[in-house]
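K.L.:
Could you work out the structure for the sequence below:
(chains A and B)
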Amino acid sequence: MVCEHKHLLDVQNLSVSFRMYDSGLEQKELKVISDLSVSIDRGEILAIAGSSGSGKSLLAHAILGILPENATARGNMRYKGEIMTPEYQEKLRGRQIALVPQSVSYLDPLMSIERQVLGAGKNAKERKPALKNIFGRLQLNESDGRLYPYQLSGGMARRVLVSTAVIGDAELIIADEPTPGMQKQQALEALKIFRELADEGKGVLLITHDVDLALEFADKIAVFYAGTTLELASSKDFRGGEASLRHPYSKALWRAMPQNGFEPLDGFQPYAENLPSGCLFAPRCEMCSERCKTEIPEMRELRDGFVRCFHAT
Amino acid sequence: MTAKRIISVFFRYLVRVITLLFAVSVIAFILVSLSPVDPVQQYVLSVGSVSPEQRAELEDYWGVNDPPVERFGNWFRAIIHGDFGTSLLYRRPVIDVIREKFVNTLALMGCTWIFSGLIGFGLGCVMGANKNKLADRILKKICLLLCSVPTFWLGLLLLLIFSVWLGWFPIGFSTPIGVLNSEVTIWQQLHHLVLPALALSLMSFANVALHTRQKLIDVLESDYVLFAKARGESRREIMRRHGFRNIIMPAITLQFASFAELFGGSVLAENVFSYPGLGSAVSAAGLNSDVPLLLGITLFSALFVFTGNMIANLLYGAIDPQIKESYANE
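P.N.:
This is a model prediction of the structure:
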């Protein structure tokens, strides 16, 4: 894929692997993300949907350059067309790219909410009027700012985490499972905020396992499986049902949704330690052929989307 | 904090300290009664030949043969009276002896406490922030080495090097020999304090440093530090905003809870350096069957350790919002 116009964020062939010690001193590489490509444009919400344990959070950490020491990321990442070196990532973090983390453990237990939402640095105080506004939108009271993380309910904590990303002027927001624990109403409100931000021209990467909720607000959905994307479809395709989807896993995902039959897929996602040598989905796929077992399919363009499958039509 | 709460906290601790001291005095008294310590025999040895009649009279006078409860009652009255009985060794009220020795010990422990706390915390931060780098590896080995060395051995080593070979510091005591107490200058006292304080500090700072190191590593690997990094906070900002805040509390607790170890260590250090403090007094009292002094110092050290723990508790409440709230709700 050659990139003709400048994406806000363009990730090409990203692989993330961990150095692990096996029994004794034997070192091995554990590949948790393999050959992943996604791109986000301004004004767009891209949802990355996949079950837990598929390496979604690591994607977020890789983009921000905050992977643990024993992890290495390979591949190409560009922000506004510029290659993301560790130095560039450091400059982008918290300024151009904001993260909405997963749980309350990402808040300092000994610091008041207000101080944490305002953040560090000289212009923290200048953000105070914005804080009031954002808290209002997220149904938080201004006095909640004086609380400490342990005093927050699960839903409140999520909303506080959302507010940390919204308060800055970041152009790209990476939200890592922002909605679980919120009430439906609040989750919708939070996603509406992301939608508004996208409509203002920002890019939003929404990592979620709630395909249903993602469909309502996202423009595109990347189906994530065992550390890579199997399909990139517009959310319109998901609404269109099985026929408009491309990959057998996406179709199975669609069938598994409550309103579409609630039909589970047999088997389980392969663990990073024993990935199949061919297509990652092959062991569970009904269309699986000999070729699928030995060769990894490339991402190819199909009906205005992308799919990683030899047989998809 | 309202005045009412301060008063309630004050009374709570007052009740605690009174019950604690009572329990300690009972247990210590029972232990001494059961031990082979015989003050009369010791006394007899010190004055020379004594006839059996004289000895019996002495026992009668001291009440050695009274029932234990009565003896405890006598001693307890002396405590209430405020003099804790009379030291056999010094022939003075125990409280006066403690007061005099405590000034020396306090100087020694105070220096040690501040020195080991500051150096230990500082080194721990340096080690934690540079985890597994060369500086950390070297410092960690030194700390582990110091942790496993006995105080008295380290004291002897220091004496050998700095007093005997180099001659920089005196070999013992808290004041120069042959100089009147009133003529001793503060510099001379400090000069005598350096080596024992150094020996004690070297023992305890390694502990503080290793604890601080581990705690800082835990904090730096936490989710909230990762998030701070994701928000663009620099290493320095992270240390300032999250690092210190989260490690200072365990460090403070550890530091105040170390009063007990400090006291134990000072017994050894004071003996090695012939430093006239409570530590050497307590071992002298034990060896010479000076029961009132031994019990007096036991009570006093219990009070001392209690104070340390109490301060740690109160400070914890002032710093940790979670505990602050639970205090307020009580």
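
K.L.:
Report the rounded mean pLDDT for stretch A:177-187.
P.N.:
Averaged across stretch A:177-187, the pLDDT comes to 81.

K.L.:
So what touches it?
P.N.:
Outside stretch A:177-187, the residues that touch it by Cβ atoms under 8 Å, 6 or more residues apart in numbering or on different chains are A:56-57, A:100, A:102, A:138-139, A:154-155, A:157-159, A:161-162, A:190-191, A:194, A:206-210, A:213. C-betas here are computed from N, CA, C, even on glycine.

K.L.:
switch to 10 Å and redo it
P.N.:
Stretch A:177-187 is contacted from outside by A:52, A:56-57, A:60, A:100-104, A:138-140, A:153-159, A:161-162, A:165, A:188-191, A:193-194, A:204, A:206-210, A:213-214, using Cβ atoms under 10 Å, 6 or more residues apart in numbering or on different chains.

K.L.:
Of those residues, just the buried ones, PyMOL syntax please.
P.N.:
Buried residues among these (16 or more other Cβ atoms under 10 Å in any protein chain shown), as a PyMOL selection:
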select buried, chain A and resi 56+57+60+100+101+102+104+138+139+140+155+156+157+158+159+161+162+165+188+189+190+191+193+194+204+206+207+208+209+210+213+214
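
K.L.:
now, which of the contacts of stretch A:177-187 lie close to chain B?
P.N.:
Among the contacts of stretch A:177-187, the ones lying near chain B by Cβ under 10 Å from any Cβ of the partner chain are A:A60, A:V100, A:P101, A:Q102, A:S103, A:V104, A:L161, A:A165.

K.L.:
So which of the contacts of stretch A:177-187 belong to helices?
P.N.:
Counting by DSSP state H, the part of these found in helices is A:56-57, A:60, A:154-159, A:161-162, A:165, A:188-191, A:193-194, A:213-214.

K.L.:
Can you pull out the low-pLDDT segments for the stretch 1-150 of chain A?
P.N.:
A:1-5, A:24, A:53-54 (pLDDT under 70).

K.L.:
All the strands of it, residue numbers only.
P.N.:
A:9-21, A:27-40, A:45-49, A:71-79, A:82-83, A:97-100 (DSSP state E, counting those that start in this stretch).

K.L.:
and B:A228, how many neighbours?
P.N.:
Using other Cβ atoms under 10 Å in any protein chain shown, B:A228 has 26 neighbouring residues.

K.L.:
Please apply the same query to B:W153.
P.N.:
Neighbours of B:W153 (other Cβ under 10 Å): 12.

K.L.:
which among the ones next to chain B among the contacts of stretch A:177-187 gets closest to B:R71?
P.N.:
Distance ranking of these against B:R71, using Cβ to Cβ, places A:V104 first at 60.4 Å.

K.L.:
In the stretch 101-250 of chain B, what residue comes closest to chain A?
P.N.:
B:G232 (2.6 Å; Cβ to the nearest Cβ).

K.L.:
hang on, A:V16 packs against A:S34?
P.N.:
Yes: A:V16 is within contact range of A:S34, at 8.3 Å (criterion: Cβ atoms under 10 Å).

K.L.:
of these two, who's got more company?
P.N.:
A count of neighbours by other Cβ under 10 Å puts A:V16 above the other of A:V16 and A:S34, at 23 against 20.

K.L.:
so what's that one up against?
P.N.:
A:V16 touches A:30-34, A:36, A:55, A:58-59, A:61-62, A:67, A:71-75, A:227, A:272, counting by Cβ under 10 Å, 6+ apart.

K.L.:
interface residues of the stretch 51-200 of chain B facing chain A?
P.N.:
For the stretch 51-200 of chain B, the residues in contact with chain A (Cβ under 10 Å from any Cβ) are B:K131, B:N132.

K.L.:
At the geometric centre of the chain, which residue do we find?
P.N.:
Looking at chain A here, since you left the chain open. Centroid-nearest residue in chain A: A:I207, 2.8 Å away (criterion: Cα atoms, centre = their mean).

K.L.:
my question was about chain B
P.N.:
Closest-to-mean residue, chain B, Cα atoms, centre = their mean: B:F263 / 2.6 Å.

K.L.:
Nearest spatial neighbour of that residue, chain-adjacent residues omitted?
P.N.:
Distance criterion Cβ to Cβ, 6 or more residues apart in numbering or on different chains; nearest residue to B:F263, sequence neighbours excluded, is B:S301 at 5.3 Å.

K.L.:
check contacts around the one you found.
P.N.:
For B:S301, counting by Cβ under 10 Å, 6+ apart, the contacting residues are B:V24, B:I98, B:T105, B:F259, B:A260, B:F263, B:G264, B:S266, B:V267, B:L278, B:G279, B:V282.

K.L.:
what about the residue of chain A found nearest chain B, how many neighbours?
P.N.:
Residue nearest to chain B within chain A (Cβ to the nearest Cβ): A:G94, separated by 2.6 Å. The number of residues packed near A:G94 is 24, by other Cβ under 10 Å.

K.L.:
Find the nearest non-adjacent residue to it, please.
P.N.:
Leaving out its chain neighbours, the residue that sits closest to A:G94 by Cβ to Cβ, 6+ apart is B:G232, at 2.6 Å.

K.L.:
The one you found against A:T164, yeah?
P.N.:
No: judged on Cβ under 10 Å, B:G232 makes no contact with A:T164 at a distance of 11.5 Å.

K.L.:
Can you check which residues contact both of these two?
P.N.:
Counting by Cβ under 10 Å, 6+ apart, the contacts common to B:G232 and A:T164 are A:G94, A:A98, A:G119.

K.L.:
of these, closest to A:D219?
P.N.:
Here the nearest of the shared contacts of B:G232 and A:T164 to A:D219, counting by Cβ to Cβ, is A:A98; it sits at 19.1 Å.

K.L.:
Report the beta-bridge partners for that closest one.
P.N.:
Here A:A98 sits in beta bridges with A:I173, going by DSSP bridges.

K.L.:
now it: how far from A:P178?
P.N.:
12 Å (Cβ to Cβ, to the nearest Å).

K.L.:
again, but for A:S103
P.N.:
From A:S103 across to A:P178, the span is 11 Å (Cβ to Cβ).

K.L.:
Likewise for A:G75?
P.N.:
25 Å.

K.L.:
ditto for A:E273
P.N.:
For A:E273, the distance to A:P178 - Cβ to Cβ - is 29 Å.
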